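# Okay, sequence plus prediction incoming.
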Amino acid sequence: MAFYVVQFLTGLASAASLFLVASGLSIIFGVTRIVNFAHGAFYMIGAYIAFTLTERFSGAFGFWGGVLAAALAVALIGVLVEMVLLRRIYHAPELFQLLGTFGLTLMVEDLVVLIWGPDDLVGRRAPGFKGAVDFFGQNIPSYDLFLIALGPVVLGILWLLFQRTRWGVLVRAATQDRDMVAALGVNQKWLFTSVFAVGVFLAALGGALQIPRDAVHHAMDLRIIVEVFVVVVIGGLGSIVGAFVAAVLVSELNAFGILIFPKISIILVFLVMAVVLIVRPWGLFGKPEAAARKTPGLTVNPWRPLTSNERLASLAAFVVAAMLPLFAGNYALTVGSEIAIFVIFAVSLHFLMSVGGLASFGHAAYFGLGAYGVAFLAKMAGLPMIVCLLLGPLLGCMGAAIFGFFAVQLSGVYFAMLTLAFAQIVWSIAFQWVSVTGGDNGILGVWPASWAASPSHFYWLALGVAALVTIALRIAVFSPFGYALRATRDSLLRSEAVGIDAKRVQWTAFVIAGTTAGIGGALFAYLKGSVFPDNLGISLSVDALVMVLLGGVETVSGAVIGAIVYKALNIWLVSQTDLSKLVLGGFIVLIVVVFPKGIVGMLEMLAQRRRKSSPPGSSLLAKPIESAE
Amino acid sequence: MRARNSFVGAAFALLAAGMGHSALAEDIKIGEINSYSLLPSFTEPYRKGWQLAVEEINASGGINGKKLVVVSKDDGGKPADAQTAANELVSSEGVAMLTGTFLSNIGLAVSDFANQKKVFFLAAEPLTDAVTWAKGNKYTFRLRPSNYMQAAMLVEAASKLPAKRWATIAPNYEYGQSAVAVFKKLMSEKRPDIQWVDEQWPPQGKIDAGPVVQAVAQANPEAILNVTFGPDLVKLVREGNTRGLFKGREVVSFLTGEPEYLDPLKEETPEGWIVTGYPWYSIKTPEHDAFLKAYQAKYNDYPRLGSIVGYQTIKAAAAILAKAGSTDTDKMIAAAEGLSMPSPFGEITFRKIDHQSTLGAFVGKTAQKDGKGVMVDTSYKKGSDYLPSDAEVEKLRPKE
């Protein structure tokens, strides 16, 4: 019995650490609607700075002072980031801020190694909390007891702050309806900055308080960020109490789950999230999102098919790309094939995100399923390449059909997180089912047949498929189905009122996007000759998001450019510099500031401005705006 | 940036880029791939190690009079990116062979690439047995003692312990799974009386150490096998110390004696764990003294195990190239099979049968000295003594 009590308390201590970081994220999201990918980075910087301070100043005052000072210092950094970077992009399309904070995260990972060196750092134990307390023969670390107490204390302080201060009232009001708060004359700028500072302070405090338990190292951020997001979503976005309950729920399930299933930790939080979201679409304590007042950004620049000149230009670009084998070497061609494959992957997500308004955080699942589909068919059934390429993506299609059915019942970030949960579940199956998938050692030897083996042939294959896929999806955008899908994106209520079966349309879009991603994955398996769980992983999903956002989410085919720029730059930087993450991150941040609508989005806007200022005749309104292709 | 990567120095790299192959046709290029950005605590000393080797080789006349150049790439910890890098090295840099890699899945991915493209690959670090056995191929050789060999070394010591109730803690991925599987198999063969009372599989890099420690303690084992390393090990040790998990229990632990993982523990270092590792401070052989002196003179830092791996990888590559007298893949394979060469740990041989080198490892016990973790009672275990019989190896390797 004593054991179960101690295990429960241990779970509570883990929950407290998780809650500190999660509460900060929840507050930031609730008010600013920023998906702050850099939250983990702030957590990590908090730990690093606290390590330096507590090593320099010993004693109780040095330790606790150091922890607090570190959290405050990071909060200041947070304020700086908010004022310099985020303020510029609040009005950018939804999720664009994710791109900026992702760039920051990349930079921080390289910076901490540059500043603090490559070794894992182990800090001091907390003065006064070094030992353990005996509980009927079981030991409980006294620091755990401290954390267990700290969790509710922080919850209480936050509650007081939100319920009993004017600032708190404003924050709650902004969480509920930020346009109304702005309309009432509240200075949003400073409200957002202060909220961001509080959120970052909590993240950094969470990191600093890990010093007596953990090693400080450069991958701390990724280890926590996804888990924290999950906790926030399970609890319900913007709900502090929800975050607390979710942290306790997840930690306790883990603490007791490993007694029965020792391998459960790898997937537990995602399973919990999937179940919670299917049962309660807005998390445990969340409320349905108020109908968003969409900025009219999407209607200002209506989509239209390419003009004949633009078609000719695209054709010319394609012909130039197809001539690459005439003058480029094998390496350039293989990179070219990889980029073409990522174009397929990116346009498939772009279709879902920009046409359907459904941002998926787990799109790699279908890419990876396509790759595994090919690997199974080629290695187990021994089918020829053509057949594998045709049938392999069906696995992605099936996955998308099953998961999409549940996912489209939700919307916004909840939709995104449910897709993430599904992707992680698929990933963990690939990772754990060693006898079938080979586990993390993957499936090797999936090489192309001789007709496609040479780099130039494979390049032409990849390029051709990429072009076909892009054209097909463009046709879909301007088909009746595309219009219906856009209707559900722009106004769910109105689209249903005119008789569109919104969920079915969205589900279909999800399946189309998943199958297309599967085609990319199938080619990828042959390009690399092997398939690994990585192909389904979070980092690939994030890559896809970054490509779409970089290209411009409000465009018809911006993802093509986004994929080319991001992938080419990534491969080139990794090959050329040791600090590829720092440079790539810096580049992304720069793009975010300079092109707040993405590269293609910005170019389109410039072109449109010029068109408007030019004499009549080229006026947009004078033309039939959208005709089906 | 390139200056840090390819050893020849920035000016030389620029020259190479500017002048193309013709001017430098006399150089021999080796391609090197590792997870530099993902695992800097291992790869930084590793890089220093191979840079030292390149310097020594070129100072003593290069390879049959030709200068050795190493072109190094980062794989970011992703198999797919490792293949992109391998492709660049082979197709556009025109390297004679590929070397390096740390993670098992990346080692396998590059090995498969080598097999497909008929390129010589010398795997440095990946420990999975599959590299030389189940998924072994003609083109792939490996330097480090495999999972099986390290497990066999530990079992030799562990089987002498009186403990009968054993629990295991290992990261939940291929390395952890196969380490535990081999250890259990070999242990149970020697000691049929052993009971396996609990196993814990925290996700790699994400251990929630408190509950894991508590769960193991609850099973009340007499001895524990640990396979976690890096930050996970730190958390495990800290929680274990505070909760008294290790008190009165024997612990056998993979890799913990390597400076990369032992040094961060400082005053938390547990006493008396039986570990594999690299006690650079207590190896007293002429070969190692020479290496240590050269390393400390160049870097003003002590070597980690990564330094040895990096150093010996390039030394081995050079020895193979020198004997082959050519950069032709088949000739290099023929030269490498059965080739013996000196190393800081004594003479090693690349076995013909499975392309595994006989580089060994040190086994000893952990202890604390002046607030730092060290290995004591160490002895060097030759790799050749801890491999299964040739007949068994034949069965493990796929037929050509």
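Nice, I can see it. Numbering: from 1, shown residues only, chains lettered A, B, ... in the order given.
# Check the secondary structure at B:Y281 for me.
Assigned with DSSP: H, G, I helix; E, B strand; the rest coil, B:Y281 falls in the coil class.
# Give the closest residue to it in space, chain neighbours not counted.
Excluding the flanking residues, the one nearest B:Y281 by CB to CB, 6 or more residues apart in numbering or on different chains is B:V374, at 6.8 Å. From N, CA and C alone the C-beta is placed, and that goes for glycine too.
# before we move on, what about A:A38?
Among residues not flanking A:A38 along the chain, A:T101 sits closest, at 3.9 Å (CB to CB, 6+ apart).
# Spit out the contact partners of that neighbour.
Going by CB atoms under 8 Å, 6 or more residues apart in numbering or on different chains, A:T101 touches A:I34, A:V35, A:N36, A:F37, A:A38, A:H39, A:L86.
# ok, now how distant is the third one from chain B?
It stands for A:N36. To chain B, A:N36 is 21 Å away according to CB to the nearest CB, to the nearest Å.
# Could you pull up phi and psi at that residue?
Dihedral pair for A:N36: phi -80, psi 90, per degrees, to the nearest 10.
# OK, contacts around it?
Per CB under 8 Å, 6+ apart, neighbours of A:N36: A:L25, A:I28, A:F29, A:Q97, A:T101, A:G199.
# State the number of residues packed around the residue of chain A found nearest chain B.
Residue nearest to chain B within chain A: A:P118 (3.2 Å; CB to the nearest CB). Residues lying near A:P118 (other CB atoms under 10 Å in any protein chain shown) number 18.
# Quickly check: the host helix or strand of B:Q177 near chain A or not.
Counting by DSSP states H and E, the element that carries B:Q177 is helix B:174-190. Yes: judged by CB under 8 Å from any CB of the partner chain, helix B:174-190 and chain A are in contact via B:E174, B:Q177.
# Could you list every helix and strand in contact with that helix?
Applying 3 or more CB pairs under 8 Å, 6 or more residues apart in numbering or on different chains; DSSP states H and E, we find helix B:174-190 packed against helix B:104-117, helix B:147-158, strand B:165-169.
# got the contacts of A:T101 as TSV, with secondary structure and pLDDT columns?
Output for the contacts of A:T101, formatted as TSV (DSSP: H, G, I helix; E, B strand; the rest coil; pLDDT from 0 to 100):
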residue	secondary structure	pLDDT
A:I34	coil	84
A:V35	coil	84
A:N36	coil	89
A:F37	coil	89
A:A38	coil	94
A:H39	helix	95
A:L86	helix	90
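# Could you export the residues you listed as TSV, including distance to B:G76?
Supplementary listing: these in TSV, determined by distance: CB to CB, whole Å:
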residue	distance to B:G76
A:I34	27
A:V35	23
A:N36	24
A:F37	18
A:A38	19
A:H39	22
A:L86	27
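# Any chance you could list what contacts the helix or strand in which B:Q83 is found?
B:Q83 belongs to helix B:79-87 when assigned by DSSP H and E. Contacts with helix B:79-87, where a contact means CB under 8 Å, 6+ apart, come from A:330-331, A:334-335, A:338, A:442, A:524, A:528-530, A:532, A:534-535, A:571, A:574-575, B:31, B:33, B:73-75, B:98, B:101, B:105-106, B:108-110, B:113-114, B:119.
# still on that earlier bit, can you name the element that comes right after the helix holding B:Q177?
Heading C-terminal from helix B:174-190 (DSSP H and E), you reach strand B:195-200.
# right, is that following strand up against chain A?
Yes: with CB under 8 Å from any CB as the criterion, chain A is reached by strand B:195-200 at B:D198, B:E199, B:Q200.
# Give me the pLDDT for the first one.
pLDDT, the model's per-residue confidence, is 95 for B:D198.
# Ok, B:G210 next?
pLDDT, B:G210: 93.
# now the strands: where do they sit in the chain?
You didn't say which chain, so I picked chain A. Along chain A, the segments classed as strands by DSSP state E run A:121-122, A:132-135, A:138-141, A:215-216, A:443-444, A:530-531.
# ah, no, chain B please
For chain B, the strands defined by DSSP E occupy B:28-34, B:68-74, B:97-100, B:120-123, B:140-142, B:165-169, B:195-200, B:223-226, B:250-257, B:274-277, B:340-341, B:348-349, B:361-369, B:372-381.
# Tabulate these (CSV), appending distance to A:I591 and mean neighbour count.
Conversion of these to CSV gives the following (distance: least, CB to CB, whole Å; neighbours: other CB atoms under 10 Å in any protein chain shown):
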stretch, distance to A:I591, mean neighbour count
strand B:28-34, 29, 26
strand B:68-74, 23, 24
strand B:97-100, 33, 30
strand B:120-123, 38, 28
strand B:140-142, 41, 28
strand B:165-169, 44, 24
strand B:195-200, 44, 18
strand B:223-226, 45, 25
strand B:250-257, 42, 25
strand B:274-277, 46, 26
strand B:340-341, 50, 14
strand B:348-349, 50, 20
strand B:361-369, 48, 19
strand B:372-381, 46, 18
